[in-house]
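>>> turn this into a structure:
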Amino acid sequence: MSGVGFVGLGWIGRPMAARLVDAPRGLVVFDVDPAACADCEQAGATRADSPRQLAEMCDVVSVMVRDDAQVRAVFTGPDGLLAGAAPGCVLVIHSTIHPSTAVELAELAAPGGVSVLDAPVSGGPGGAKEGRLAIMVGGDPDAFERARVVLDRMGDLVVHIGPVGYGTRAKLTRNAVHFISFAATTEAQRLAEAAGVDLQLLGRIVRHTDAITGGPGSIMWRDRTGPLDPEDSWYPIFDNVRKLGEKDLTLAIELAEQLGVDTPLARMALGVLGPGLGIASGERTDG
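Predicted coordinates:
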């Protein structure tokens, strides 16, 4: 065993695999669509005929397929990765799946001396192409270190979260931030449209300021949730965020009422912002 393997050459998998083509140990690829392997083959990769054959040639294998069913199909069966992986092999799941699926597959692999890491990614095709993905890894620390040389080629933030399944837990919570924010954005767009604001210009403003402030991530500095002690150094900062947020949300809701736009998410945010920050609304007003 000496190669690095990659299974699943879709819109994110292909640029991820491209970062591994010139790896010192060589790259072996597999996809159910042989045409998907063409770019990697032209760059010097070897195409395997099955996941099993790929595993027989590699000691670290990345998997980036669509969902739980496809991950299981790649791992199990007579032509699956587990049928070909030798003791010491590390199989890395980059797909966003249910955390229990990674645990289940790790248990199937363990008797053969094979390690499974769940290592979902964030950053999209652009981040994959540039090698700037965030990679959240769950699994055995020693297996993580063995795979690290491969992961570092694909991401510039590679973090070990905890036991197998915890990488996926981190990814799901990260994506909750993403898609809850998207839902709020669509509500804000409806308000902006009713108010006569150019939506594309507003989008430029949001992207510009989020690049400066960090967007939703700018409040994610605490190591726990729950009420803040007034003596905590974060208290005055979060209290100021709470006061500004409640003021601006109230004004936005009033504008929406004037324009006849329903804003349920803004109303919900007004009620939960303070407690979510750890400071009840109206708890403190002296700044």
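
>>> now do the helices in the stretch 101-250 of the chain.
With helices called from DSSP state H, counting those that start in this stretch, the stretch 101-250 of the chain shows them at 124-130, 141-154, 166-194, 199-213, 235-259.

>>> figure out which of those helices is closest to E56.
Closest to E56 of those, according to Cβ to Cβ: helix 141-154, at 17.6 Å. Bear in mind the C-beta positions are built from the backbone N, C-alpha and C, glycine included.

>>> lowest-pLDDT helix or strand in this protein?
Every helix and strand of the chain was ranked by mean pLDDT, DSSP states H and E. The lowest is helix 38-42, at a mean of 91.

>>> just checking, what packs against that helix?
Packing partners of helix 38-42 (3 or more Cβ pairs under 8 Å, 6 or more residues apart in numbering; DSSP states H and E): helix 13-18, strand 27-30.

>>> and those, which is most packed in?
The highest average neighbour count among these, using mean count of other Cβ atoms under 10 Å, belongs to strand 27-30 at a mean of 26.

>>> which strands or helices does it pack on?
Using 3+ Cβ pairs under 8 Å, 6+ apart, strand 27-30 sits against strand 3-7, helix 38-42, strand 46-47, helix 51-57.

>>> so for R25, which of the ones you listed sits nearest?
Of all the helices and strands packed on strand 27-30, it is strand 3-7 that lies closest to R25, at 5.5 Å by Cβ to Cβ.

>>> from the middle of its chain, how far away would stretch 34-41 be?
Taking Cα atoms, centre = their mean, to the nearest Å, one finds stretch 34-41 lying 26 Å from the centre of the chain it belongs to.

>>> show residues contacting it.
By Cβ atoms under 8 Å, 6 or more residues apart in numbering, the surrounding residues in contact with stretch 34-41 are 6, 9-10, 14, 17-18, 21, 27, 29-31, 45, 47.

>>> re the thing from before, can you list the helices of the stretch 101-250 of the chain in CSV and add mean pLDDT, distance to T225 and mean neighbour count?
Listed next are the helices of the stretch 101-250 of the chain as CSV, based on pLDDT from 0 to 100; distance: least, Cβ to Cβ, whole Å; neighbours: other Cβ atoms under 10 Å:
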stretch, mean pLDDT, distance to T225, mean neighbour count
helix 124-130, 95, 28, 16
helix 141-154, 97, 26, 18
helix 166-194, 96, 12, 16
helix 199-213, 96, 21, 11
helix 235-259, 96, 12, 15
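
>>> and G80, which of these is closest to it?
Among those, the nearest to G80 by Cβ to Cβ is helix 141-154 (18.8 Å).

>>> which residues touch that closest one?
4, 16, 19-20, 23, 59-60, 62, 88, 90, 92, 115-117, 119, 121, 128, 131, 133, 135, 137, 158, 160.

>>> would you put the C-alpha positions of it in CSV?
What follows is helix 141-154, C-alpha atoms only, in CSV (Å, rounded to 0.1, in the frame of the first residue of the first chain):
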residue,chain,number,x,y,z
PRO,A,141,-6.4,10.6,17.0
ASP,A,142,-3.7,8.3,15.7
ALA,A,143,-5.7,7.7,12.5
PHE,A,144,-6.2,11.4,12.2
GLU,A,145,-2.5,12.0,12.3
ARG,A,146,-1.9,9.3,9.6
ALA,A,147,-4.4,11.0,7.3
ARG,A,148,-3.3,14.6,8.2
VAL,A,149,-0.8,14.8,5.4
VAL,A,150,-3.6,14.2,2.9
LEU,A,151,-6.2,16.4,4.6
ASP,A,152,-3.7,19.3,4.8
ARG,A,153,-3.5,19.4,1.0
MET,A,154,-7.2,20.0,0.7
